[in-house]
Each structure stands twice: as structure tokens, then as C-alpha cells.
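Build me a model:
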Amino acid sequence: LLEQNLSEHFLKTLKSKGIAGIITKSKFVTGMTPELTHLCQDIRLPIIIVPDSYNWSEVINPVTSSIVKKQYDIIAETQKFHDILMDFLLQDEPISMISEKVFLTCGMDTAIINTGLDLISQSGSLAWDNCIAGMRKENLIFRENMSVTVDGSNIPGYLFRNRFLTTLDKKLYLYEIIQASVSYGYIAVAAGRNTTGLTTQEIMKVQQLSLITALYLSKKNAVDNATRKYNNLLLDEILQADNINELNTEHISRTLGAKLESSYHIAVLQGNADTGLNLLLRNQYTDIFYKTLKERALYPEKLLLFEYGNSFVLFIGESYPGLESLLAKAEHIYCQSFHATSACIGVSMPGPFSAARQSYRQALQAVNYLRKYVGQGHFYYADLGVLRFFMDQKNNLCAEYLHEYHAHYIQPIKEYDRRNNTHLFDTLNTYILQNCSKVNTARLLYIHKNTLLARLGTIEKITGCDTGNSEDIFNLQMALKIEHLFSESE
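Have a look, this model is predicted:
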């Protein structure tokens, strides 16, 4: 065959098929020209010529023995690597350490990235946060045949580069972690920029690491689901009870593994995270949120965390110092953990743990107000003031009554100001804030007392209220509260 087809096209075709070299006898290469010799050197296709006196078994046996030994060595090395990973799994070490274990075992720079492209494990040899900076699914380069296994099967994957990797003269190979049709993320391997793929040994290690990672994450996901379902049942029990007696409190304390305080603020956190997250990814994000908040809280022992539907419920001990700082941290950490752009936290007044149901209802009312009229941040139930009495059974403000109040008392005053270029609204607002003190109001507005009396008289004519009557003052105060509510929502 070689004797009949020796040509440039034939040699290039052999090379394209993955042929490593040619072993033949001298009588079959009589047509080997200097040009073809140079071509073989250029395309790195060696032709090894053995004496014509050798029989073919003497030529083939050493080659096949070497190939078999190489495959055996790869399998033995892979088995050893597998045993190390299995030991890691059985020791129940955190998944965040497995990439470092791989690096110490075989020198591979690896990281594990979840389906949201967040790092969940990384070797300490590289600044992996910088390595994946700017990584999005749309800028990953897909390769159908990125690597080859020991049996010659092609492995698909993705390539990724950014400026930081370029400065290191590296690129990333990403291989999807799939088990039972479920995607758990990617194995990322850092390699030289000019490499054309991973070696067979490296691919087998990636496959083993992928398997162990999928087993670990599926097990953790099952445990997390069971734990959260149980905690949700426990929270249901807490929130459904009109009063929690001492015996129940001891049971809850033992179950949560935490010493309960006598009084708590309850905070309900709701954000705009993607509601379409799969359960695995949501669990991973929730773990990040819980872990980071506990790490950054000054007194984590005074903090209980629950997941309740699409909300997070935080029990914050009344004795916790720096409540404002904790709430700001919770909002920031939630947005970071879930890739959200905003979060709303409603906070109850402090109340006994035994009456958590009432505190939870207060937090819901506060967060619903915040979501509808402000959009982000945190808000205290106590700051609702009299507006809390306009909440319906779903903890939403009754908009019909609010608009009726606003239309009757505030709109006519603002319309009068607009038409006559007066300052009746500011006068009324200052008067109410100064507890109806005419002296303080006139002083703050830099006007004469008679001017103030004239303005109040005009307000009385417009609204039909007596600014010296407590019931009318209550209505005006309520209307101003609603006006501030509407202005905050614009």
C-alpha cells in the first residue's frame, strides 16, 4: 500500500487521521524523494525503516507492547487518582478544597464552576477570580472535539480567554459536569495558550474529577433540600402558633442547635433574583448567602436564618448591636450571592420569640410597603405609623382609601399653591411636624405669626378642617403621611 501510494497527499491524509508514524521496510520506500522526506519532517510524521530481514512480528510486537503498557500506565494512574478523590469524598471534606487536592496530587491547575459561572472550588496556584473575570455563557467558545479519551472518543468542551489569562500566557478549557442528565457546572483547567488540548492522562483525571464532583454535589443537594424542608416545617410551626410555650421553645432550640433569645426582630428579605433558577443552583446560591452572612455578622449566634417560599426570614436578637449595619450587609450579600440587582427587607418591632407570628406579620407588611412604594433597601414596621391600619389581610396597603384621603386633603392644597404661587403645603407640613406649635412654625418658615394665621385660615377653607381640632389634625397628619408615601414611590 505504501509502495503504491507514496505521495504528498497520502502522507498528509495519514497525518490528518492521527497517525503518529510509519514503520516499514526499505524495499517499500523506493519512491521516497527528498521533497517527501522534508514534508515528513515538516508535518512531524516519522517514517521508521527497518531491515528487510526482519519479520513483521519482530517489528510490531515491541510497538504494541509499548502501546499496551502506556494504556495500562494511564489506567493505573487514573485508578490511583480516583482512589484519592474517593477518599476525599468519604472524608466529607468541603468541595471548596478538592481543586487544591488535585493540584497537590498531580499539578493540574483546576477550578469547579457552577452553572451560574461562580467559583465553588479552586486551586491555590492561580488567582481564579481574575481568571474567570468577564466569563459569560455567550463568550465561551464551544469545541465539539476539544479532547480525546484513551479509547479515541472525542470530548466536547469550551475555551475561554480574557486579558488576565493572556498576561499569564494561558487559556481555560471547560468541561461540563453532567450526571444522569443533570448539569452541575464545569471543570475548568488552566493550560498554556499554545496547547491544542489536554493529554489523555489529563482528560481521564478531568472525567474522574467530574464524576466525584457530581456525586458530592448531588449528595449535598439532597441533604440541603431535606434540611431546608425540615426547617421550613419548623418555621411553619413557629409562625402558626399563637403562643409558644416553654417546652416548645426548648425543642426548637435543640433542633436549631442555637440558644434562643427572649426577644427578636424578624426581618423578611425579598429580592429580584431570577425565579427560574434550577433547584441545584438556588441551593448553591443560598449556601453562599447563608455562609457569607454568618461570616460577616458580628454576632452570628444571635442570628437565625430560614428560607420561606421565595423569601428569607431572619430572626435577629433584640440585643444584636448594629442592626442597621447587619441589614445593609444582608441586602448586599443577597444581591452578590444571587446576582440580583435589588433586595427589600421589612423589619418588625422587637417582640418575644413566643409571639413570632405577630412579628412576622409586621415584617411582611413592612416589606410589601417597601417593594411597592420604594423598591429596595430596608424599612421598619414602626415607621409605617398610622399607615399600618390601612393594611388588608394580604399585608398590602389599601390603595383606595389612601387615594381618597390624598384627593380630599392634599390635592386641593397643592393645586391652590400651583395656581396662586403660594406655600400652603409647606406651611401645613411644617405646622404638623412642629406639633401644631404656631411659634415654632412661624420661626422655621421665617414669617410673621399673622402671616401664618392667614395661611392656616386658607388651608381650613380649602380642606374644611379646623387646625385647632384634634380629630381634623389627625386627618391632615394622615394625609401628609400618605403624600410622603406617594412622593417616595415616584
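
Tell me who's in contact with residue 111.
99, 119, 121-123, 126, 128, 131-132, 187-188 (CB atoms under 8 Å, 6 or more residues apart in numbering). (C-beta placed from N, C-alpha, C; glycine too.)

Oops, could you answer that again for residue 307 instead?
Counted by CB under 8 Å, 6+ apart, residue 307 has contacts 228, 231-232, 286, 313.

Please identify which of the residues you listed is nearest to residue 139.
Nearest to residue 139 among the contacts of residue 307 is residue 286, at 27.2 Å by CB to CB.

The residue nearest to that closest one when sequence neighbours are not counted and residue 318, how far apart?
Closest residue to residue 286 apart from its sequence neighbours, by CB to CB, 6 or more residues apart in numbering: residue 307 at 6.2 Å. Separation of residue 307 from residue 318 (CB to CB, to the nearest Å): 23 Å.

Residue 224 now?
30 Å.

These two: which has the busier surroundings?
Legend: neighbour count by other CB atoms under 10 Å for residue 224 and residue 318, higher for residue 224 (19 against 16).

Specify the local secondary structure of the residue of the chain most remote from its centre.
Using CA atoms, centre = their mean, the residue of the chain lying farthest from its centre is residue 53. It sits 69.5 Å away. Under DSSP: H, G, I helix; E, B strand; the rest coil, residue 53 falls in the coil class.

quick one: contacts for it?
For residue 53, counting by CB under 8 Å, 6+ apart, there are no contacting residues.

how about the strands in the stretch 251-400 of the chain?
263-271, 303-308, 311-317, 343-347, 351-352, 377-380 (DSSP state E, counting those that start in this stretch).

Would you mind finding the most buried of the ones you listed?
Mean neighbours per residue, mean count of other CB atoms under 10 Å, is largest over the strands of the stretch 251-400 of the chain for strand 343-347, with a mean of 26.

so that strand versus strand 311-317, what angle?
40 degrees (axes from the mean of the first three to the mean of the last three CA atoms, to 10 degrees).

what's the offset of strand 343-347 from the middle of its chain?
Computed by CA atoms, centre = their mean, to the nearest Å, the chain-centroid distance of strand 343-347 equals 18 Å.

Now do it: everything it contacts.
Counting by CB under 8 Å, 6+ apart, 265-272, 323, 327, 330-331, 334-335, 362-371, 374-381 sit against strand 343-347.

Repeat that for stretch 56-68.
With CB under 8 Å, 6+ apart, stretch 56-68 has contacts from 23, 50.

thought residue 370 was touching residue 379?
Yes: with contacts counted by CB atoms under 8 Å, residue 370 reaches residue 379, the gap being 4.2 Å.

hang on, the earlier thing: what's the spacing between the residue farthest from the centre of the chain and residue 26?
For residue 53, the distance to residue 26 - CB to CB - is 10 Å.

And for residue 158?
In terms of CB to CB, residue 158 sits 47 Å off from residue 26.

before we move on, what about residue 470?
119 Å.

Settle it for me: which of the two has more neighbours?
residue 26 (11 against 8).

give the contact list for the more buried one.
By CB under 8 Å, 6+ apart, the neighbours of residue 26 are 49, 51-52.

List only those of those flagged as buried.
Not one of those meets the buried threshold, by 16 or more other CB atoms under 10 Å.

Residue 451: which of these is nearest?
residue 49 (114.9 Å).

Pretty sure the closest one sits in a strand.
Yes: counting by three-state DSSP, residue 49 falls inside a strand.

what number of residues lie near residue 401?
Around residue 401 there are 14 residues (other CB under 10 Å).

swap that for residue 332, please
There are 14 residues near residue 332, going by other CB under 10 Å.

who's in contact with it?
Per CB under 8 Å, 6+ apart, neighbours of residue 332: none.
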